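Chemist: curious how this folds, go ahead:
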Amino acid sequence: MINPIVNNLVLELHVPDFGPVREFYGMFGFEEISYDPSSGGGSDLGYLVMLRKDSIGNTMLNFYGDKDKVAQHAHFKDFPADTPRGYAVEITVPVSDVAELWEKVGSELPKSTISQPLTLKRWGKQDFRLVDPFGFYIRFTEPVDWGQM
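Modeler: You can find the predicted model right below:
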């Protein structure tokens, strides 16, 4: 019997080095739940899965690569390897206490990482926005009902 799927979205970020991923996302409570140096199929590129547990729900991020040659992927090879990742994409992570998370990590983050500090938005919710070590734009926010609640 197959277990019911809680969330059908699998977000996979292609990066050349898992070290900065582990360090950066670890600051926000993400823990490594699996690592496969061969991507499960004999490749020499790795696969890393990180999970952040929260009382409102868990957030999972998957990372592929761990070597510079990840830029030679069939789709991405058409772009220069130094193309900013995540252009025009925002990855949103709802958390139960965004103010507490900001207090915990805000002062430890390099200024270049902070796109917007903790801010009360016009729709009445607080969030903060960051750029991860590879250029992905990340927003940590109070829960917002986008129709999934």
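Chemist: so Tyr47, which state does it fall into?
Modeler: strand (DSSP: H, G, I helix; E, B strand; the rest coil).
Chemist: now do Val21: how many residues are near it, please.
Modeler: Neighbour count for Val21, taken as other CB atoms under 10 Å: 23. Every residue, glycine included, has its C-beta placed from N, CA and C.
Chemist: which of the three states applies to it?
Modeler: Val21 ends up helix, using three-state DSSP.
Chemist: check whether it really touches Val15, as I assumed.
Modeler: Yes. Counting by CB atoms under 8 Å, Val21 touches Val15, with 5.9 Å between them.
Chemist: partner residues bridging Pro94?
Modeler: Thr141 (DSSP bridges).
Chemist: burial measure for it, as a count.
Modeler: Neighbours of Pro94 (other CB under 10 Å): 21.
Chemist: ok, Pro20 next?
Modeler: 13.
Chemist: relative to Phe63, how far out is it?
Modeler: 10 Å (CB to CB, to the nearest Å).
Chemist: follow-up on the earlier one: what is in contact with Val21 and Val15 at once?
Modeler: With contacts defined as CB atoms under 8 Å, 6 or more residues apart in numbering, the residues shared by Val21 and Val15 are 63, 134.
Chemist: next, name the residue at the spatial heart of this structure.
Modeler: Using CA atoms, centre = their mean, the residue of the chain that lies closest to the mean C-alpha position is Leu61, 5.4 Å off.
Chemist: show the pLDDT at that residue.
Modeler: Leu61 is assigned 96 on the pLDDT scale.
Chemist: my guess is it contacts Val10. True?
Modeler: No. The criterion here is CB under 8 Å, and Leu61 misses it with Val10 at 9.6 Å.
Chemist: which residues touch the closest residue to the residue nearest to the centre of the chain other than its chain neighbours?
Modeler: Sequence neighbours aside, Met50 is the residue nearest to Leu61 in space, at 5.1 Å (criterion: CB to CB, 6 or more residues apart in numbering). Each residue near Met50 by CB under 8 Å, 6+ apart is listed here: 21-22, 25, 30-33, 60-63.
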